[in-house]
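Peer 1: Just to be clear, the model below is a prediction. Sequence and coordinates:
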Amino acid sequence: MADFVAAIDQGTTSTRCMIFDHDGAEVGRHQLEHEQILPRAGWVEHNPVEIWERAASVVATALNKTKLAASDLAALGITNQRETSLVWNRRTGRPYYNAIVWQDTRTDRIASALDRDGRGEVIRRKAGLPPATYFSGGKLQWLLENVDGLREDAEKGDAIFGTTDTWVLWNLTGGPRGGVHVTDVTNASRTMLMNLETLDWDDELLGFFGVPRQMLPGICPSSSPEPYGVTVYGDLPITGILGDQQAAMVGQVCLSAGEAKNTYGTGNFLLLNTGETIVRSDNGLLTTVCYQFASRDGSPAKPVYALEGSIAVTGSAVQWLRDQLGIISGAAQSESLARQVEDNGGVYFVPAFSGLFAPYWRSDARGAIVGLSRFNTNAHLARATLEAICYQSRDVVDAMAADSGVHLEVLKVDGGITANDLCMQIQADVLGVDVVRPVVAETTALGAAYAAGLAVGFWDGPDDLRANWQEDKRWTPNWSEERRANGYAGWRKAVERTLDWVDVD
């Protein structure tokens with residue numbers, strides 16, 4: 001058995017390859033950013049060719065930096081930004097259009113129409129998702145309606161669809177020369193096209209969006225001892241695929257019902273494992289597949305489900321302070337600037353740049369900074385930005401408790417923003433529970449590596465993964481109950497000010 005497992009983490013702003021040993025420790029990595037294409041307000045796109053070139057490059061460079069060969073790896077896993085949608089020609093490998101990113105809001109009229117005529121309730125029941133611009137089905141409908149020749153090619157079977165896991169896998173396994181066209185259940189569950197109970201594309205849902213079935217990838221388990229395919233270089237077996245937030249659940253070893261984690265990235269994603277039970281949300285959360293691990297003897301495994309609260313803008317709000325306002329030079333400076341003040345000075349910032357996701361699902365909302373007076377400085381705005389990350393997470397935690405009856409005693413956290421001590425302290429204060437970060441905070445790549453390694457016996461089972469998890473830092477609440485309640489009441493007032501800003505037909 002080889003000594004290492006690798007994972008490609010194809011994210012919203014960058015792609016990286018990370019290599020892990022049996023202890024789950026990072027052995028090496030390489031990471032490259034890609035361009036954020038913003039053609040008009042509300043539109044967010046990526047260049048699919050650039051994404052594939054970055055993916056191929058980071059794998060090669062990570063191996064070179066660690067002086068390893070593909071033969072030193074037992075398996076490769078893939079994790080990815082979910083919902084981001086692209087279509088390409090299976091004969092040429094050429095994309096028909098840029099990838100439409102999960103943050104993109106151009107499909108707001110499609111989503112609104114679904115809710116007006118009752119189809120939205122069918123989507124909620126079958127797919128576990130509310131009709132929203134976030135998910136892939138509307139993006140694929142928009143592409144079919146707006147890209148010349150695409151529908152004709154799709155009906156002929158020449159044009160195929162995928163999220164970025166499918167695109168990377170297809171290219172890794174040969175592209176036009178025999179590339180494998182599949183996705184896993186976690187990514188498929190984010191399209192509004194898959195039935196949560198059958199784990200297959202649903203003809204009624206496909207009809208809602210006018211999607212020809214033949215353009216869709218096959219749906220596979222998230223971890224498979226029978227490889228999805230092997231890489232065109234090194235014959236490396238690809239045995240794990242997970243959407244990034246489900247991968248973080250596995251990386252955080254939230255493998256039992258009632259365990260939860262919050263990932264802080266471009267957006268925030270809080271997931272609660274609900275076991276083999278599909279829990280329908282009455283409070284604005286998503287019901288999604290958490291993972292499905294095929295057993296090593298090939299027998300089918302039962303899927304594990306989760307409740308999820310997806311928040312569109314958290315880390316990207318800090319980027320906005322840097323790139324659009326210019327009040328900080330880097331993400332780390334948001335902490336030092338915010339530390340210059342004791343509190344937010346009455347200022348609340350609701351970063352509803354793409355509308356509001358969970359638990360509100362209001363595409364008519366837009367960002368607002370409220371409560372300003374002459375007293376306030378850029379330090380108050382920096383503090384309000386960090387608080388917005390934490391209050392949005394509080395919204396989701398409260399909805400999750402209402403849906404599941406599970407009240408968190410501790411919150412496991414991961415992702416880039418967890419390096420911000422002040423933000424994590426505010427999170428503990430806002431929630432009133434301990435917040436805990438593991439030694440390996442970049443758990444999306446680790447989770448994909450775990451899925452791939454479990455499939456080939458590199459790790460024997462969940463107990464191996466639990467033994468690898470180690471606490472790095474813990475934050476304990478300091479606020480009084482009164483301060484917590486007053487702060488959250490101010491946040492809810494600020495959210496109200498963002499609604500009904502954009503007219504949605």
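Peer 2: On my side now, so go ahead. Numbers count the residues shown, from 1 in each chain.
Peer 1: Dihedrals phi and psi, residue 308?
Peer 2: Residue 308 adopts backbone torsions of phi -130, psi 140, taken as degrees, to the nearest 10.
Peer 1: Do I have it right that it meets residue 281?
Peer 2: No: judged on C-beta atoms under 8 Å, residue 308 makes no contact with residue 281 at a distance of 9.0 Å. Backbone N, C-alpha and C define where each C-beta goes, glycine included.
Peer 1: can you list residues touching both of the two?
Peer 2: When contacts are counted by C-beta atoms under 8 Å, 6 or more residues apart in numbering, residue 308 and residue 281 have residue 287 as shared neighbours.
Peer 1: More neighbours: those two, which one.
Peer 2: With neighbours defined as other C-beta atoms under 10 Å, residue 308 and residue 281 compare such that residue 308 has more, 26 against 22.
Peer 1: which residues does residue 479 contact?
Peer 2: Applying C-beta under 8 Å, 6+ apart to residue 479 gives the contacts 429, 430, 432, 487.
Peer 1: Derive a ChimeraX selection command for the buried subset of those residues.
Peer 2: With 16 or more other C-beta atoms under 10 Å as the burial test, the buried ones among the contacts of residue 479 are selected in ChimeraX as follows:
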select :429,430,487
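Peer 1: Name the nearest of the contacts of residue 479 relative to residue 404.
Peer 2: Nearest to residue 404 out of these is residue 432 (C-beta to C-beta; 17.9 Å).
Peer 1: Please report how far the closest one lies from residue 402.
Peer 2: Relative to residue 402, residue 432 is positioned 16 Å away (criterion: C-beta to C-beta, to the nearest Å).
Peer 1: same thing with residue 282?
Peer 2: Relative to residue 402, and taking C-beta to C-beta, residue 282 is found at 7 Å.
Peer 1: Between those two, tell me which one has more neighbours.
Peer 2: A direct count of neighbours by other C-beta under 10 Å for residue 282 and residue 402 places residue 402 higher, at 14 against 9.
Peer 1: got the contact list for that one?
Peer 2: The contact partners of residue 402, by C-beta under 8 Å, 6+ apart, come to 282, 283.
Peer 1: Tell me which helix or strand it sits in.
Peer 2: helix 378-404 (DSSP states H and E).
Peer 1: so which two of the contacts of residue 479 are the farthest from each other?
Peer 2: Spatial extent of the contacts of residue 479 (C-beta to C-beta) is set by the pair 432 and 487 at 11.2 Å.
Peer 1: is it true that residue 434 touches residue 478?
Peer 2: No: because the distance of 11.6 Å does not satisfy C-beta under 8 Å, residue 434 is recorded as not touching residue 478.
Peer 1: Between these two, which has more neighbouring residues?
Peer 2: residue 434 (15 against 10).
Peer 1: Need the pLDDT of that one.
Peer 2: According to the predicted model, the pLDDT of residue 434 comes to 95.
Peer 1: Show the contacting residues for the nearest residue to it once chain neighbours are set aside.
Peer 2: On the basis of C-beta to C-beta, 6 or more residues apart in numbering, the spatially nearest residue to residue 434 that is not a chain neighbour turns out to be residue 410, at 4.8 Å. Going by C-beta under 8 Å, 6+ apart, residue 410 touches 433, 434, 435, 436.
Peer 1: Kindly indicate which of those residues lies nearest residue 128.
Peer 2: residue 433 (26.4 Å).
Peer 1: on that earlier part again, quick one: the helix holding residue 402 to chain centroid distance?
Peer 2: For helix 378-404, the distance between its averaged C-alpha position and the chain's averaged C-alpha position is 18 Å (C-alpha atoms, centre = their mean, to the nearest Å).
Peer 1: Can you give me the buried ones in it?
Peer 2: In helix 378-404, residues buried by neighbour count (16+ other C-beta under 10 Å) are 378-400, 403-404.
Peer 1: So residue 442 is in contact with residue 17, correct?
Peer 2: No: if you go by C-beta under 8 Å, residue 442 and residue 17 don't touch, sitting 11.8 Å apart.
Peer 1: Find the residues that touch each one of the two.
Peer 2: Among the neighbours of residue 442, those also in contact with residue 17 (C-beta under 8 Å, 6+ apart) are residue 9.
Peer 1: okay, the two: which has more neighbours?
Peer 2: residue 17 (27 against 23).
Peer 1: and that one, what are its bridge partners?
Peer 2: Residues in a beta bridge with residue 17, per DSSP bridges, are residue 8, residue 30.
Peer 1: distance of it from residue 231?
Peer 2: Counting by C-beta to C-beta, the gap from residue 17 to residue 231 is 12 Å.
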